[in-house]
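Colleague: give me a model of this one.
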Amino acid sequence: MPEKQRLTPTVYVSVDIEADGPIPGPYSMVSLGAVTAGWHDADGFRRSDGKQGFYRELRPISEQWDPQALAVSGLDRAALLRDGADPAAAMRAFTDWVERLRTGPDGRRYRPVMVGYPAPYDWLFLSWYLVRFTGGSPFGHSGCLDVKTLYAARAGVPLASVGKRSMAPGLLPDLPHTHHALDDAREQAVLFANVWEWDGVSRSG
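Modeller: Next comes the predicted model:
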């Protein structure tokens, strides 16, 4: 096992985004929710209570949008155009929020890592928006953990076979999946912590 002093303390940040299309730029991120999911250092993993949260609804950045994609979030485009947060201001506020998480509840410094289920879509939009509107990301270019991949490794199953319905009993949170970004970030944080603490193959038989 690596020496304790060589381990980098990590704060996991569960992030969920809703968008009005498949890729950022031509399409827009319309909402962003995030909560702390847990801390990991040489003493082990500690889950968060998920109370520290961030949420914004954003003004669209283009005239192109997919009505079916937007309908998933339940948000209204006209209301977003009128009342949505300026994307640059929202990304600066999010960056400031993540930076505050670098100081853990124990006073130590932690490196933030984004957690998603599945992570690629959320990471694509989040990273693009952060770089486009703030010039960089508090997660760097690779600070991302996919819960589906984590489960596949723990369960010893192919990634393509992983879905919430196929997960081992007891791992799924008793929380609704509402497609409200903050709700889903909280649900995702619990799922991540459950999978992280799970014994995996040895328990699944």
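Colleague: tell me the helices and strands packed up against whatever helix or strand residue 187 lives in.
Modeller: In the assignment (DSSP states H and E), residue 187 maps to helix 181-197. If you count contacts as 3 or more C-beta pairs under 8 Å, 6 or more residues apart in numbering; DSSP states H and E, helix 181-197 packs onto strand 10-19, strand 29-41, strand 44-47, strand 53-57, strand 111-116, helix 147-155. The C-beta positions use only the backbone N, C-alpha and C, and glycine is treated the same way.
Colleague: show me what the last one is packed against.
Modeller: Using 3+ C-beta pairs under 8 Å, 6+ apart as the contact definition, the elements that helix 147-155 packs against are helix 119-134, helix 181-197, helix 201-204.
Colleague: what comes up buried for it?
Modeller: 147, 148, 150, 151, 152, 154, 155 (16 or more other C-beta atoms under 10 Å).
Colleague: so for stretch 25-33, mean pLDDT?
Modeller: The pLDDT scores in stretch 25-33 average 98.
Colleague: give me every residue that touches residue 106.
Modeller: Going by C-beta atoms under 8 Å, 6 or more residues apart in numbering, residue 106 touches no other residue.
Colleague: Three-state assignment for it, please.
Modeller: What DSSP: H, G, I helix; E, B strand; the rest coil gives for residue 106 is coil.
Colleague: now it: how far from residue 112?
Modeller: Distance of residue 106 to residue 112, given as C-beta to C-beta, to the nearest Å: 16 Å.
Colleague: circling back: any chance of the helices and strands packed on helix 147-155 in CSV, plus mean neighbour count?
Modeller: Converted to CSV, those look like this (neighbours: other C-beta atoms under 10 Å):
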stretch, mean neighbour count
helix 119-134, 19
helix 181-197, 22
helix 201-204, 12
